[in-house]
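**Student:** sequence plus predicted model, see below.
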Amino acid sequence: MQLAILVVILIALTAVYVAAFTTTRGLIRSRRREGHNDVLIPLFLTAGTMYSVLLAFIVVAVWQSYNAAKDNVAEEASTLATMYRQTAGMPASERSAMRPIIRNYTEAVIKDEWPVQAANGGASPKARRYIVTLYRTIGLLTSSVATSPLSLEFLHAFSTVNADRNRRTLQANEHLPVLLWIGLIVGAVIVVVMSFVPYMESAGAHVLMSGLMTLLILTLLGTTLLFDQPFREPLAISPEPFEHSLGVYDSVDRG
């Protein structure tokens, strides 16, 4: 859906661009004087450089945030698989109590929490309940089991999972502030309009170079929009790492 909207917006902006370029060129042709380009080109270069630095910084920051969310998902799923393996060294009663909770939590993340994150960036109450249940189960361990090296490692891994889950929930709600988007869009409009003002005798060459610059700006803005919300389509992070963990659980159960 977002991709289709972007295509429609791109077509509309292209029509606006052609109309604005044609109108501006017609006005400048009859009003330009000697030194016209000598004054305007340095101003255009200054504005273009300032905007390109801002846009490049935002694109890199959004890309790094997207990668951080993806790495966090992989770490959470991998740690869950480690926890499931660690239960093999626990007494039978503790093992039979822990494994269903870990499995149910993983399935709840895939089936319940992922759609919620994609829709509104929230969290699944069902997945949260399994986290609380696992905390409660750990708290009911006997002192001899709870203080064993394996249980301490298990608790440390569970703390990592909980921290990763909280981080994932926050990342699902993160996006660029509206004020920053306004700055990016206004800056783009200013730079594109300024590219119309220098005058070239060849209208075809002028519209080609200005059009390519505009297309580059729109591409980077579109890329920023797509990566800005990492759990939403069309570039949404998938729950594949958690699905892989379910396969690990099955292999552990088979011994």
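**Tutor:** Received it, and whenever you're ready, just let me know what you need.
**Student:** tell me which other helices or strands the helix or strand harbouring Ala157 touches.
**Tutor:** Assigned by DSSP states H and E, Ala157 belongs to helix 149-173. If contacts are counted by 3 or more CB pairs under 8 Å, 6 or more residues apart in numbering; DSSP states H and E, helix 149-173 sits against helix 36-86, helix 114-120, helix 125-139. In this view, the C-beta of every residue, glycine as well, is placed from N, C-alpha and C.
**Student:** now render these as JSON lines, adding mean neighbour count, distance to Arg95 and mean pLDDT.
**Tutor:** JSON lines is the format used below for the helices and strands packed on helix 149-173 (neighbours: other CB atoms under 10 Å; distance: least, CB to CB, whole Å; pLDDT from 0 to 100):
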{"stretch": "helix 36-86", "mean neighbour count": "16", "distance to Arg95": "10", "mean pLDDT": "89"}
{"stretch": "helix 114-120", "mean neighbour count": "16", "distance to Arg95": "28", "mean pLDDT": "87"}
{"stretch": "helix 125-139", "mean neighbour count": "15", "distance to Arg95": "11", "mean pLDDT": "90"}
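**Student:** output the ones you listed in a markdown table; the columns should cover distance to Leu221.
**Tutor:** Converted to a markdown table, the helices and strands packed on helix 149-173 look like this (distance: least, CB to CB, whole Å):
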| stretch | distance to Leu221 |
| --- | --- |
| helix 36-86 | 8 |
| helix 114-120 | 22 |
| helix 125-139 | 34 |
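**Student:** nearest to Thr169, out of these?
**Tutor:** helix 114-120 (7.7 Å; CB to CB).
**Student:** picking that back up, list the buried ones in the helix holding Ala157?
**Tutor:** Going by neighbour count (16 or more other CB atoms under 10 Å), the buried part of helix 149-173 is 151, 154-155, 157-158, 160-161, 164-165, 167-169, 171-172.
**Student:** what two of those are the furthest from one another?
**Tutor:** Farthest-apart pair in these is Ser151 and Ala172; separation 31.3 Å (CB to CB).
**Student:** other residues contacting stretch 168-177?
**Tutor:** Contacts of stretch 168-177 with the rest of the structure, by CB atoms under 8 Å, 6 or more residues apart in numbering, involve 58, 62, 65, 68-69, 72-73, 76, 117, 121-123, 224, 228-231.
**Student:** swap in 10 Å and give it another go.
**Tutor:** Residues outside stretch 168-177 that contact it (CB atoms under 10 Å, 6 or more residues apart in numbering) are 58, 61-62, 65-66, 68-70, 72-73, 75-76, 109, 113-114, 116-124, 127-128, 181, 183-184, 224-225, 228-232, 237.
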